[in-house]
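# Need a 3D model of the following:
(4 chains)
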Protein chains: 2
Amino acid sequence: MATKVNIRDVAKAAGVSVTTVSHALSEAHSSRVNARTVEHIKAVAGDLGYAPNRLASGLRNQRSQILGLVSDEITTTPFAGAMIQGAQDAASEHGHLLMVVNSGLDNELELQEIRALQQHQVDGIIFARMFNQQVSVPEELRAVPTIVLDATPDNPGLSSVVPDEFGAGDSAAELLVTAGHRNIAMINNEDDIPAAHGRLAGFRAGLDRHGLHLPAEFLVAGHPSTTGGREAALELLSRKERPTALFCFNDQMAMGAYQAAGHLGLRVPEDVSVVGVDNLELIADGLWPGLSTMALPHYEMGRWAVLKLLNELENPEAPRLHEKIPCPLVERESVAPPKG
Amino acid sequence: MATKVNIRDVAKAAGVSVTTVSHALSEAHSSRVNARTVEHIKAVAGDLGYAPNRLASGLRNQRSQILGLVSDEITTTPFAGAMIQGAQDAASEHGHLLMVVNSGLDNELELQEIRALQQHQVDGIIFARMFNQQVSVPEELRAVPTIVLDATPDNPGLSSVVPDEFGAGDSAAELLVTAGHRNIAMINNEDDIPAAHGRLAGFRAGLDRHGLHLPAEFLVAGHPSTTGGREAALELLSRKERPTALFCFNDQMAMGAYQAAGHLGLRVPEDVSVVGVDNLELIADGLWPGLSTMALPHYEMGRWAVLKLLNELENPEAPRLHEKIPCPLVERESVAPPKG
DNA sequence: AGCAACATACAAAACGTTTTGCAAAGGAAC
DNA sequence: GTTCCTTTGCAAAACGTTTTGTATGTTGCT
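Presented below is the predicted three-dimensional model:
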């Protein structure tokens, strides 16, 4: 047990050649060897605890069965886990393993990490960001099949997957309008990113469908944090003509809105309804009452990226896709009909 | 550019043998080749964009330069990112890459994943849990150097690293007592895990040092969630003789305490001080006022685990260690002297 | 001049697979 | 009984490195 058992040991123990063992175990080539022999070899291999060395087979086949995942800030966002998990599940189902590297915001380091992945002969790379943004993909990745995850690539030659931001905004509008609200404000992210534009556009479209629209004074923007949300909500809810519902760019801003409401003596959802985006369990489930919010599909995006990557590996000519994954509504208790 | 450049191409281009190229590039063996030749070879290699194939060198050296990280539920906890990041940073600094696998709670799957890692000839494995718990390490890992991360192994033959739970409790007591509090309650986790025992013991020790002690009626336990914290805090703060400060098992329970206080018309920190454990940015920074809390050292634990693993790889006889990493206090605004 | 010692470069083997091409043996068809 | 398949197995080459042992000069010393 001290030393590892290799294909030669199996061959010796089974009394056949190395070639025969390889064929017997290969599924595709097992027709080249007698069925009884196959049985025998498999039994022997099992007894010996033989497991093929992937380094060797990767070298021989020019296929490492490893996928690289390079992302930006795994640390600071709670989404990373779900994304990685989705990717890893899909990879594992198809006999692949995931190598994760993370570069923070250091571009030079990111290139180094990518080169390291390539030295390990990864079969493909997933280039991930932690929130939907425009991104320019490093030259280095030309050499390897690549999928862009949760970001919009400048290079349309690469497949990508992002959340359906528009749909999220639309659903939020739908939810609030059907609850009976007419005076709805949006607290948006002040940053110039697809997520902000998309959610706003979707929200407007949703209102539109019901013959409503978002007045300019009911659209405010702030830093996408609890504080940003709180300040914006404080301002909105202190007005004479205050909205009866708030659609917040994300759950953190929604948490700020709760705080603002509490500070002003308003209750959620009786006095003001609140909707977020992200479905951060920690917040959405932790708030009291629970926050209704649109879930960002990080797990699904991770899965999709890996599946698409494997697909392009099989079939290099497969058309590049730009997928939008829906953001399902997770209803809790933060929405109620407006009073009176 | 279509096809990869290998050491043979470099040799040809530089007009020397493959052996010489290998020696020239090897640092350890570069003494075996003329300094001028080394220069020349490096230049040629750089021009050609040569990067050694790690599959091949791993095969030859019996050293893949890959570390495996197997964890339980990456998805549901926001700590995973920091842990992975710490591990990956340390690995990357030493020329290694990290393969991450995740098994949820499925033991059978976990074994499969471990076997997959071993097939890829990982040099060592980090067996991680997402919170400090007793854990029995799978037999399979006997074959590979292993470090246990954020868990206490039943097998003392393996090095491990956990947060200094005791120290966290102690610091919390210190903080509250020096702020002037005398009536301090603790809201603990009801689960029977080292984290709960350690934090409580440390908290008691800290009080002790100041001649105080924790009365039985000021120790309550609940589910380690916002709801659990809220319920416990509601009960505690509704009493005639209510505590002036709360030490909560984690930040989520502390968030619940904030909600309870708000519900009862009490203000943090004027009417009640609150201290948590975890330093979950999302919560600790998001709460209003900010939550003072002991940071769980996930990043550092990840780093430590990899460094120790590399150390044991270098020197297999190195003594096994059981490390406790301190949990530094992160002060925000949730602690003030008691009124009156 | 002769010999050791050294500097420099190379050929070949090995790591553990997979796959191609070939050989031996057995059976069927004439 | 010869020819021709078919079945079953094997030997050998290849993937891209690293390292050991050896060969060829070159230098320094007596």
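
# check contacts around A:Glu165.
The neighbours of A:Glu165, taking C-beta atoms under 8 Å, 6 or more residues apart in numbering or on different chains as the test, are A:Asn132, A:Pro194, A:Ala195, A:His197, A:Gly198, A:Arg199, A:Gly202, A:Lys324, A:Cys327. Where you see a C-beta, it was placed from the backbone N, CA and C, and this is true even at glycine.

# Got a quick ChimeraX command for the buried subset of those residues?
Buried residues among the contacts of A:Glu165 (16 or more other C-beta atoms under 10 Å in any protein chain shown), as a ChimeraX selection:
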select /A:132,194,195,197,198,199,202,324,327
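
# Okay, and which of the contacts of A:Glu165 map to helices?
A:Pro194, A:Ala195, A:His197, A:Gly198, A:Arg199, A:Gly202 (DSSP state H).

# Assess the claim that the last one and A:Pro163 are in contact.
Put plainly, it is A:Gly202. No: using C-beta atoms under 8 Å, A:Gly202 is not in contact with A:Pro163; the gap is 10.9 Å.

# Show me the helices in the stretch 201-340 of chain A, by range?
A:226-237, A:251-263, A:298-314 (DSSP state H, counting those that start in this stretch).

# Tell me the buried residues in the shortest one?
Just to be clear, that refers to helix A:226-237. A:Thr226, A:Thr227, A:Gly228, A:Gly229, A:Arg230, A:Glu231, A:Ala232, A:Ala233, A:Leu234, A:Leu236, A:Leu237.

# so can I have TSV of these showing distance to DNA strand D and pLDDT?
Formatted as TSV, the buried residues of helix A:226-237 follow (distance: C-beta to the nearest atom of the strand, whole Å; pLDDT from 0 to 100):
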residue	distance to DNA strand D	pLDDT
A:Thr226	51	98
A:Thr227	52	98
A:Gly228	50	98
A:Gly229	53	98
A:Arg230	56	98
A:Glu231	56	98
A:Ala232	56	98
A:Ala233	58	98
A:Leu234	61	98
A:Leu236	61	98
A:Leu237	64	98
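
# which one among the residues you listed gets closest to B:Ile187?
Lowest distance from B:Ile187 to these (C-beta to C-beta) belongs to A:Thr226, with 22.7 Å.

# Quick one: name the residues of the stretch 51-200 of chain A near DNA strand D.
A:Ala56, A:Leu59, A:Arg60, A:Gln62 (C-beta under 7 Å from any atom of the strand).

# residues touching the first one, list them.
Just to be clear, that refers to A:Ala56. Per C-beta under 8 Å, 6+ apart, neighbours of A:Ala56: B:Leu59.

# Out of the helices of the stretch 201-340 of chain A, which is the most enclosed?
Highest mean neighbour count among those (mean count of other C-beta atoms under 10 Å in any protein chain shown): helix A:251-263, with a mean of 26.

# Endpoint to endpoint, stretch A:207-225 covers what distance?
25 Å (C-alpha to C-alpha, to the nearest Å).

# What lies in contact with it?
Stretch A:207-225 is contacted by residues A:173-174, A:177, A:182-191, A:196, A:200, A:203-204, A:228-229, A:231-232, A:235-236, A:243, A:249-250, A:252-253, A:256, B:285-286 when judged by C-beta under 8 Å, 6+ apart.

# Verify the contact between A:Arg8 and A:Val18 for me.
Yes: counting by C-beta under 8 Å, A:Arg8 touches A:Val18, with 5.8 Å between them.

# ok, these two, which is more surrounded?
A:Val18 (14 against 11; other C-beta atoms under 10 Å in any protein chain shown).

# Can you give me the distance of the more buried one to A:Pro52?
Computed as C-beta to C-beta, to the nearest Å, the A:Val18 to A:Pro52 distance reads 12 Å.

# Need the residues touching each of these two.
In contact with both A:Val18 and A:Pro52: A:Ile7, using C-beta under 8 Å, 6+ apart.

# Not counting sequence-adjacent ones, nearest residue to the residue of the stretch 101-250 of chain A found nearest DNA strand C?
Here the residue of the stretch 101-250 of chain A nearest DNA strand C is A:Gln121; by C-beta to the nearest atom of the strand that distance is 12.6 Å. Distances taken as C-beta to C-beta, 6 or more residues apart in numbering or on different chains place A:Ser64 nearest to A:Gln121, at 4.3 Å, with adjacent residues excluded.
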